[in-house]
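*Asks:* Just need the structure, nothing else, for what follows:
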Amino acid sequence: EPPYSETRFEEIKKEVSSYIKKIGYNPAAVAFVPISGWNGDNMLEVSEKMPWFKGWAVERKEGKADGKCLIEALDAILPPSRPTDKALRLPLQDVYKIGGIGTVPVGRVETGLLKPGMVVVFAPANITTEVKSVEMHHEALTEAVPGDNV
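*Replies:* The predicted model follows:
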């Protein structure tokens, strides 16, 4: 295969599309961009080494997007919705036991709000407790919102 081969790119695209579909995603919503990270081709600007590549396009329920290089594909990724009006969901990343303070569960708020004084239930253990304080980066918060690592 010659460097920057269209045939090889299409082969990889087909394999990855098949996998993406298998795990429940729509391949039409994924931008496929041939790049060379080593040489910087098609990363920030269009490369002349891949004249066969006419650009990428994605279709999703929020609308269409298209471009020619990787940075444009990254810029086109939509942030996930993290609603505050839904129930609190905070997947735990770790639990620390700190002398004089107690048990400190940590994770990122995905939905809902977390406030001191709230009564929360940990699933699947069904353990109920009251939130004594909420901190992010060693600073006390009045509330944590989706996206906050607490």
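*Asks:* how does the protein divide into domains?
*Replies:* Taking automatic domain parsing as the criterion, the chain consists of the domains 6-75, 80-150.
*Asks:* among the ones you listed, which is the most enclosed?
*Replies:* Neighbour counts averaged per stretch over the domains of the chain are highest for domain 6-75, at a mean of 14; criterion: mean count of other Cβ atoms under 10 Å. Backbone N, C-alpha and C define where each C-beta goes, glycine included.
*Asks:* Now tabulate the domains of the chain in a markdown table and tack on mean pLDDT.
*Replies:* Converted to a markdown table, the domains of the chain look like this (pLDDT from 0 to 100):
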| stretch | mean pLDDT |
| --- | --- |
| domain 6-75 | 95 |
| domain 80-150 | 93 |
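*Asks:* for the chain, what's the longest helix?
*Replies:* Among the elements of type helix in the chain, defined by DSSP state H, the one spanning the most residues is helix 6-22.
*Asks:* After it, which helix or strand is next?
*Replies:* strand 56-60 (DSSP states H and E).
*Asks:* That next one: how far from the chain's middle?
*Replies:* If you compare the mean C-alpha spot of strand 56-60 with that of the full chain, they lie 18 Å apart, counting by Cα atoms, centre = their mean, to the nearest Å.
*Asks:* Pull the longest helix of the chain out as PDB, backbone CA atoms only.
*Replies:* Coordinates of the C-alpha atoms in helix 6-22 are reproduced here as PDB (Å, rounded to 0.1, in the frame of the first residue of the first chain):
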ATOM      1  CA  GLU A   6      -7.500   5.800  -0.200                       C
ATOM      2  CA  THR A   7      -8.100   2.000  -0.400                       C
ATOM      3  CA  ARG A   8      -6.600   1.500   3.100                       C
ATOM      4  CA  PHE A   9      -8.700   4.400   4.500                       C
ATOM      5  CA  GLU A  10     -11.900   3.000   3.100                       C
ATOM      6  CA  GLU A  11     -11.000  -0.500   4.500                       C
ATOM      7  CA  ILE A  12     -10.500   1.000   8.000                       C
ATOM      8  CA  LYS A  13     -13.700   3.100   7.700                       C
ATOM      9  CA  LYS A  14     -15.700   0.100   6.800                       C
ATOM     10  CA  GLU A  15     -14.400  -2.000   9.700                       C
ATOM     11  CA  VAL A  16     -14.900   0.800  12.200                       C
ATOM     12  CA  SER A  17     -18.400   1.600  10.900                       C
ATOM     13  CA  SER A  18     -19.300  -2.100  11.300                       C
ATOM     14  CA  TYR A  19     -18.100  -2.000  15.000                       C
ATOM     15  CA  ILE A  20     -19.800   1.300  15.700                       C
ATOM     16  CA  LYS A  21     -23.100  -0.100  14.400                       C
ATOM     17  CA  LYS A  22     -22.700  -3.300  16.500                       C
END
